[in-house]
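>>> Give the three-dimensional model of this entry:
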Amino acid sequence: MKKYTLLLLLLGAMASAQVRVVTSYPYLGKIIHAVGGDNVKVKVLASPKFDPHFIIPKPSLIPAIARADMLVANGAGLEIGWLPPLLKRANNPKVRISSQGFVDVSRAIRLIDVPKAVSRAYGDVHPEGNPHFVTDPHTVLPIAKLITKKLSLLDETHAQSYQANYKKFATKWQRFLRGFDAKMKRCRGKKVVQYHELYNYLLKRYGLKSVNTIEPLPGIAPSSKHTVSLINEMKKKHITTILQDPYHEKRTAKFIASKTGAKVVVLPHDVGAVSGTDTLEDFYTTIEQRLCH
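The predicted model follows:
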């Protein structure tokens, strides 16, 4: 009985020693698990089934933030509509913006599509640049490196473990990238239309061109006038691929496809957004298979 009690106390001590990490999106949770291993306990706030711009700030998410030692966010304005209210209500100084425990991974990325001017006339633009960098698998290692650095500073006791985990993960990921890059060469030069500018980092990396978007402006629903104009443009430029994310309405893309003969390709925007994408590798492999085949 004494041995059993001692074991429970030991297990409890080990659990309490874990760094409690809260992250905004699922892909970040996967990276944190890879780097943190058994020394971290991760809670993901947002479901990949919904628009990452407009996650509902449920009160049920507050306790996890209130207890967290670290909060890892995508940044670049992607969480601006839902995370600040949760942070305010959680009232946890450990993870406030600019605190040691708050990590903005966009700081590790060279952002693209930075607007020359910010105005409602241009739609829901992100002043810092396009926040959807996760669609490029080459952004994973800079993000993992930043998280490793932050974890090591926050939990110096396990710093060597975090560094070792990162090196192991980096070796594995570089091997994955070599295979992925080779497969993506089949897509080079393809012209596409997107619903929303979700895949710009991916397209830029691999030499594809986004000609237009179904949205007339970011965050603005497609109008009849814009849709007709887009159909004419696609016919003229012989564009046969429409990139559709899982969470926007699909009716418009299907209508455009029926008028142009284009194929609607549904691509995930995060880990778990579509069936069979529960790991980082499966997330990117699904993108490649759907886009290049």
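>>> residue boundaries of the helices in the stretch 101-250 of the chain?
140-154, 159-184, 200-205, 224-237 (DSSP state H, counting those that start in this stretch).
>>> Check which helices and strands the shortest one is in contact with.
Spelled out, that is helix 200-205. The elements that helix 200-205 packs onto, with contact taken as 3 or more C-beta pairs under 8 Å, 6 or more residues apart in numbering; DSSP states H and E, are strand 209-213. All C-beta spots, glycine's among them, are computed from the backbone N, C-alpha and C.
>>> Buried residues of the strand it packs on, list them for me.
Residues of strand 209-213 classed as buried: 210, 212-213 (neighbour count, 16 or more other C-beta atoms under 10 Å).
>>> Can you give me the distance of the residue lying closest to Tyr199 once chain neighbours are set aside to Glu288?
In space, and not counting its chain neighbours, Tyr199 is closest to Thr135: 5.0 Å by C-beta to C-beta, 6 or more residues apart in numbering. Distance of Thr135 to Glu288, computed by C-beta to C-beta, to the nearest Å: 11 Å.
>>> same check, this time on Leu86
34 Å.
>>> Same check on Pro52?
Taking C-beta to C-beta as the measure, Pro52 falls 21 Å from Glu288.
>>> So for the two, which residue has more residues nearby?
Per other C-beta atoms under 10 Å, whichever of Pro52 and Glu288 has more neighbours is Pro52, with 25 against 20.
>>> Contact partners for the more buried one?
Residues near Pro52 by C-beta atoms under 8 Å, 6 or more residues apart in numbering: 25, 46, 74, 78-79, 269-270.
>>> again, only using 6 Å
By C-beta atoms under 6 Å, 6 or more residues apart in numbering, the residues touching Pro52 are Leu78.
>>> Kindly report the same for the one 3 residues further on.
For Ile55, the contact set (C-beta under 6 Å, 6+ apart) comprises 46, 82.
>>> Right, I'll leave it there.
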